[in-house]
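After the sequence you'll find the predicted model.
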Amino acid sequence: MWVDLRSDTLTKPTPAMRMAMANAEVGDDVFGEDPTVNRLESRVAERLGKEFALFVPSGTMANQVAIRLLTAPGDEVLMHHDAHPFHYEAGGAAVISGVTLRLLGGQRGHLGVDEVRAAVRQPNVHHAPATLLSVENTANRGGGAVISAAHCAQLCVVAHEAGLRTHLDGARLWNAHVQSGTPLATLAAGFDVVNVCMSKGLGAPVGSLLAGPRALAERARRVRKMLGGGMRQVGVLAAAAEYAFDHHVERLADDHARALRLWEALRDVGYAVEGAPDTNILYMRLPEAPAFAQRLAAAGVGAIALAHDRLRFVTHLDITDEGLTHTIGVLQALATPGSR
């Protein structure tokens, strides 16, 4: 048995999703004529409480379009030191938008309101002006932690009072919505733009959406085109995303429950697991994590070492209770004193 817990991007389209893709009505999306894309964009924008949404190939592109829209070259973007644009987007903010990233602290991906306020420096010819605050919810490297709507609202107030615009990297905002019971529009309310990913927990093969005010829509389409994201008969992919939107949101609760079950089992065995997961991501600390990941793979379990001493597990659509039982058995068998 192979149980792949490296990422929730590893899901395969379900048979019903494949059928939706095969039957999709399509057109040229660069001309704005793909009806499936148009419908998906409209529905997601409404769910997020925004005026428009734009379908793009990836979460990375959505983040980079957002940064380009809301900054000018030479600006400074404030974000958590574990944020996705810093760690996993190939320096795109510097290359595409010409901005610097100022990294702030905080436990489990939570930015402190006072820290954000203090990070906004007074105008000075020596400084790059901070013009954008970017928040990630849920916080991947924070163990899938949910940032509450109330806390996000406070961050947005502080940022807007200081003249900054705000961006929500909501790649896993669906998970935050299901875990907290908070409407998506409430989670996104204070942010100028927000993006959500369809190819992580929701299980679509590709695609994210960036949503915001209508005044930014045409510029967003132009930046997407500039980055190579102008797709043609892309309704076949939008159909998968729409199927996921309709059928795979509420079931995220199953992923959360399985992540908690795995965390409890690892804790009981004696592994140095980090805090109990809010959603579908958990981390544990151990020496020589890459070597331990190889031992797990040899026993039929996929996990990923994100540092020399940190291992990540992510539950998702393709992880069953049987697979989780197998995973727990493997980890129990490998629980030697040197692996804890």
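It's in.

Tell me if I am right that Leu54 is in a strand.
Yes - secondary structure of Leu54 (DSSP: H, G, I helix; E, B strand; the rest coil): part of a strand.

ok, it to Ala211 distance?
Per Cβ to Cβ, to the nearest Å, Leu54 is found 8 Å from Ala211. Heads up, the C-betas are built off the backbone N, CA and C, glycines and all.

Show me where the stretch 151-300 of the chain has its helices.
Using DSSP state H, counting those that start in this stretch, the helices of the stretch 151-300 of the chain run over 173-180, 184-188, 217-226, 235-247, 252-269, 289-298.

give me the number of residues near Gln294?
Other residues near Gln294 come to 13 when the count uses other Cβ atoms under 10 Å.

Ok, Ala118 next?
11.

sec struct for it, please.
Here Ala118 is recorded as helix under three-state DSSP.

Neighbour count for Leu54 and Ala211, which is higher?
A count of neighbours by other Cβ under 10 Å puts Ala211 above the other of Leu54 and Ala211, at 30 against 25.

what bits of the stretch 201-340 of the chain have low per-residue confidence?
336-340 (pLDDT under 70).

Show me the protein divided up by domain.
15-247, 251-339 (automatic domain parsing).

residue boundaries of the strands in the stretch 51-200 of the chain?
For the stretch 51-200 of the chain, the strands defined by DSSP state E, counting those that start in this stretch cover 52-56, 76-80, 100-104, 130-136, 165-170, 193-197.

can you map out the helices along the stretch 1-150 of the chain?
Per DSSP H, counting those that start in this stretch, the stretch 1-150 of the chain carries helices over the ranges 15-22, 35-48, 59-70, 84-87, 92, 113-119, 149-161.

Out of those, which is closest to His326?
Closest approach to His326 among these (Cβ to Cβ): helix 15-22, 23.5 Å.

Return the angle between stretch directions for that closest one and helix 235-247.
140 degrees (axes from the mean of the first three to the mean of the last three Cα atoms, to 10 degrees).

one step back: tell me which of the domains of the chain sits nearest to Trp2.
With Cβ to Cβ as the measure, domain 251-339 is the member of the domains of the chain nearest Trp2 (5.3 Å).

starting at the chain centroid, how far to the closest one?
Mean-position distance between domain 251-339 and its chain equals 20 Å (Cα atoms, centre = their mean, to the nearest Å).

now swap in stretch 85-94 and tell me
In terms of Cα atoms, centre = their mean, the centre of stretch 85-94 is set 14 Å apart from its chain centre.

Go ahead and name everything in contact with it.
Residues outside stretch 85-94 that contact it (Cβ atoms under 8 Å, 6 or more residues apart in numbering): 60, 63-64, 67, 77, 79, 99-101, 103, 134, 141, 169.

Which of the domains of the chain has the highest mean neighbour count?
Mean neighbour count, computed with mean count of other Cβ atoms under 10 Å, is highest for domain 15-247 among these, reaching a mean of 20.

For Val314, give me its contacts.
Neighbour list for Val314: 5-8, 144, 259, 280-281 [criterion: Cβ under 8 Å, 6+ apart].

hmm, try it at 10 Å
4-10, 140, 144, 172, 200-201, 255, 259, 277, 279-282, 302-304 (Cβ atoms under 10 Å, 6 or more residues apart in numbering).

Check Phe292 too.
By Cβ under 10 Å, 6+ apart, the contact list for Phe292 reads 284, 286, 303, 305, 309, 311, 331, 334, 338-339.

one more time with 8 Å, if that's ok
Contact analysis of Phe292 by Cβ under 8 Å, 6+ apart lists 286, 305, 311, 334, 339.

Would you agree the first one is in contact with Ala272?
Yes - with the criterion set as Cβ atoms under 8 Å, Leu286 and Ala272 qualify as a contacting pair; they are 6.3 Å apart.

Now do the contacts for the nearest residue to His160 once chain neighbours are set aside.
With Cβ to Cβ, 6 or more residues apart in numbering as the criterion, His160 has its nearest non-adjacent residue at 6.9 Å, and that residue is Thr166. Thr166 is in contact with 132-135, 155-156, 159-160, 190-193, counting by Cβ under 8 Å, 6+ apart.

one more time with 6 Å, if that's ok
Residues near Thr166 by Cβ atoms under 6 Å, 6 or more residues apart in numbering: 133, 156, 159, 191-192.

same question, Ala153
Ala153 is in contact with Gly190, counting by Cβ under 6 Å, 6+ apart.

Local confidence estimate at it?
You'll see Ala153 listed with a pLDDT of 97.

how far away is the closest residue to Leu266 other than its chain neighbours from Gly201?
Excluding the flanking residues, the one nearest Leu266 by Cβ to Cβ, 6+ apart is Val273, at 4.8 Å. Relative to Gly201, Val273 is positioned 21 Å away (Cβ to Cβ).

you'd agree Val330 is up against Ala299?
Yes - here Val330 reaches Ala299: they are 4.5 Å apart, a contact under Cβ atoms under 6 Å.

ok, back up a step: for the helices of the stretch 1-150 of the chain, give me TSV that also has distance to Ala239.
Output for these, formatted as TSV (distance: least, Cβ to Cβ, whole Å):
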stretch	distance to Ala239
helix 15-22	5
helix 35-48	5
helix 59-70	19
helix 84-87	26
helix 92	28
helix 113-119	39
helix 149-161	31
